[in-house]
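> got a predicted structure plus its sequence, pasted below:
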Amino acid sequence: MLRVTDSISIPEVEIEEHFVRASGPGGQNVNKLSTAVELRFDVAASESLPPPVRDRLRKIAGRRMTKEGVLVIRAERHRTQELNRADARERLIALVRRATMQPKRRIPTRPTKASRERRLESKVRRGEIKRQRSAKPTLD
């Protein structure tokens, strides 16, 4: 059981892990051992996530989400399988936690009259500076 929040936990049966060869540094082990972890979590079929969290997770995941609704996290930062496995699980937990937070609704506001006037005044001043630069000097 992977505990995300007090109310949300993901059962181990919903998480699928595959161990694959990692790219990058690894010395002699890089061609022999499968240390990278590819974690797959079927968001679309998951019973452990409430529907609003599931929808937000789809938006947050971006390219990590397949068309079928499977979240794929690949971890290969570390040289050992255990550390990569823990890293992948931590990243899954962080993503789901981000999806649990409901974004604040933006309340549209209008600029004040004073701020509009300040903006227009600064534009007039800037235009005056530019006009002075291009003015031809008079020869007296």
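Good, I have the coordinates.
> could you check how far the residue positioned nearest the centre of the chain is from residue 35?
Compute the mean C-alpha point of the chain, and by CA atoms, centre = their mean the closest residue is residue 60, 5.9 Å away. Taking CB to CB, to the nearest Å as the measure, residue 60 falls 27 Å from residue 35. Any C-beta I mention is one placed from the backbone N, CA and C, and that applies to glycine too.
> same check on residue 63?
Distance of residue 63 to residue 35, given as CB to CB: 23 Å.
> when those two are compared, which one has more neighbours?
The residue with more neighbours, out of residue 63 and residue 35, is residue 35; 22 against 6, by other CB atoms under 10 Å.
> which stretches of this protein have low pLDDT?
Scanning the chain for pLDDT under 70 picks out 24-30, 140.
> could you find the closest non-adjacent residue to residue 61?
Excluding its sequence neighbours, the residue lying closest to residue 61 (CB to CB, 6 or more residues apart in numbering) is residue 71, at 5.4 Å.
> does that neighbour count as helix, strand or coil?
What DSSP: H, G, I helix; E, B strand; the rest coil gives for residue 71 is strand.
> what's the longest helix seen in the chain in contact with?
What stands out as the longest helix in the chain, according to DSSP state H, is helix 113-134. Contacts with helix 113-134, where a contact means CB atoms under 8 Å, 6 or more residues apart in numbering, come from residue 111.
> quick check: bridge partners of the residue nearest to residue 61?
Beta-bridge pairing of residue 71 under DSSP bridges involves residue 41, residue 65.
> do you know how far residue 38 is from residue 131?
Distance from residue 38 to residue 131, by CB to CB: 63 Å.
> ok, residue 90 next?
Residue 90 sits at a distance of 59 Å from residue 131 (criterion: CB to CB).
> looking at those two, which is more packed in?
Between residue 90 and residue 131, counted using other CB under 10 Å, the more crowded position is residue 90 (13 against 9).
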